[in-house]
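In: below is the structure, and that's it, no one-letter string:
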């Protein structure tokens, strides 16, 4: 079904691409948001990725791989947005974020804050691996293929990113020493 | 100490939490912009993985490509008076098809394979076709926010980038606060004749002299063109409060243009 739409869109069928974009936009946005942690940047990245998809669709060799290919474009667009955001500094944040963390059974608010802070300190390529693994449930081989990197690189990025986040949580949970108390 | 399974569950839960639906304007922007974007076409569609082909198939494919290339060269040489580069070999411009292809270059007969559909591409918007105006000023903590609408008053659809360099300007044309020049180009947005796009422009910390009314905002497009918005009123002199040292720089930023 989707492969048929992809093949038609590759041939320039605009209705077919509109159907593909409509069916993919939410997933693209969800992935972009989780990498960028910013609604506006995620919106820009999603639009940019979908427009790239239309432009480059004729170069996609295997229509069955459309989804993984599209996620690759989303990750690239997220990298570009993250780089641009770092250059241009803070952005307007007028619309209240909908990601205010609600407490749940497993995560304390403090842990979530630490995860948020730790995640924002990670470079985009490590964030992307974490999102593909923990949000999309991709195994390392799929992550490597999606991002066009060796499996070993995907593994080390995942390992390093996880270690950084764990360290952020544990640093917060560590009891305060007497020296820190008197400081 | 956080154990590994507990930490993985925490991380899973934290990453999975968050929005799962894109705001409507994201898809709207894509659907409006993609028809004006030309698709990239490869010259040849080779098999995805050459390694899946056996040796005989690869040899056959290579031989076919070589034979095809040689045939094209022979046809071109035969049809060109004086050989390649001969005088008078260029056909009149009027006879040149809009979309040249190997087939049309080699023989005068029409190509048998379908050529890619040529998509009519609206050109970039020019300031004369755009009319912007401030519809409302809002106050925020230390900031002022202008609601701005832009209308395509031209007779044809055109394309603008969703981000520009915003400026706060006064009635004398002086730039009170200048935005940061754009880095990477933003998303293209097509705007039909009569259609309206909206944005919010937020400025803060104006520590300069008293401005001359009316104060308004301008947008410097990526191509350098500038669109000046009509002020909210002829006497409006809205500027944000000075929160820094006298003469310190202000800040101004915008949201992307959206329907």
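Out: Looks like it came in fine. As the structure is a computational prediction, the values presented were derived from the model and not from experiment.
In: what's the neighbour count on the residue in chain B that chain A sits nearest to?
Out: Relative to chain A, the nearest point of chain B is residue B:22 (3.5 Å; C-beta to the nearest C-beta). Bear in mind the C-beta positions are built from the backbone N, C-alpha and C, glycine included. The tally of other residues near residue B:22 (other C-beta atoms under 10 Å in any protein chain shown) stands at 24.
In: got phi/psi on the residue lying closest to it once chain neighbours are set aside?
Out: Closest residue to residue B:22 apart from its sequence neighbours, by C-beta to C-beta, 6 or more residues apart in numbering or on different chains: residue A:29 at 3.5 Å. Backbone geometry at residue A:29, expressed as degrees, to the nearest 10, gives phi -70, psi -40.
In: with the one 3 residues further on instead?
Out: Note on residue A:32: its backbone torsions stand at phi -60, psi -40 [degrees, to the nearest 10].
In: what does residue B:159 give?
Out: Backbone phi and psi, for residue B:159 under degrees, to the nearest 10, turn out to be phi -120, psi 130.
In: before we move on, what about residue B:197?
Out: Per degrees, to the nearest 10, the backbone of residue B:197 is at phi -110, psi 150.
In: now the one 10 residues further on
Out: Listed backbone geometry of residue B:207 is phi -120, psi 20, with angles given as degrees, to the nearest 10.
In: who's in contact with it?
Out: Contact analysis of residue B:207 by C-beta atoms under 8 Å, 6 or more residues apart in numbering or on different chains lists B:242, B:244-248, B:250.
In: did I read that right, residue B:211 in a helix?
Out: No: assigned with DSSP: H, G, I helix; E, B strand; the rest coil, residue B:211 falls outside any helix and is coil.
In: where's residue A:36 relative to residue A:156, distance?
Out: Look at residue A:36 and residue A:156: by C-beta to C-beta, to the nearest Å, they are 22 Å apart.
In: so the two - more neighbours on which side?
Out: Using other C-beta under 10 Å as the criterion, residue A:36 and residue A:156 rank with residue A:36 on top: 24 against 14.
In: quick one: that one and residue A:82 touch, right?
Out: Yes: if you go by C-beta atoms under 8 Å, residue A:36 and residue A:82 touch, sitting 6.1 Å apart.
In: just read off the phi/psi values of the residue of chain B closest to chain A.
Out: Dihedral pair for residue B:22: phi -80, psi 140, per degrees, to the nearest 10.
In: contact partners for it?
Out: Contact analysis of residue B:22 by C-beta under 8 Å, 6+ apart lists A:25-26, A:28-30, A:43, A:46.
In: so which of those residues comes closest to chain B?
Out: Lowest distance from chain B to those (C-beta to the nearest C-beta) belongs to residue A:29, with 3.5 Å.
In: distance of the residue positioned nearest the centre of chain A relative to chain B?
Out: Note on chain A: the residue nearest the mean C-alpha position is residue A:35, at 3.0 Å, using C-alpha atoms, centre = their mean. Distance, residue A:35 to chain B, by C-beta to the nearest C-beta, to the nearest Å: 10 Å.
In: SS state for the residue nearest to that residue when sequence neighbours are not counted?
Out: The shortest distance from residue A:35 to any non-neighbouring residue, by C-beta to C-beta, 6+ apart, is to residue A:78 (4.3 Å). Reduced to three states with three-state DSSP, the structure at residue A:78 is helix.
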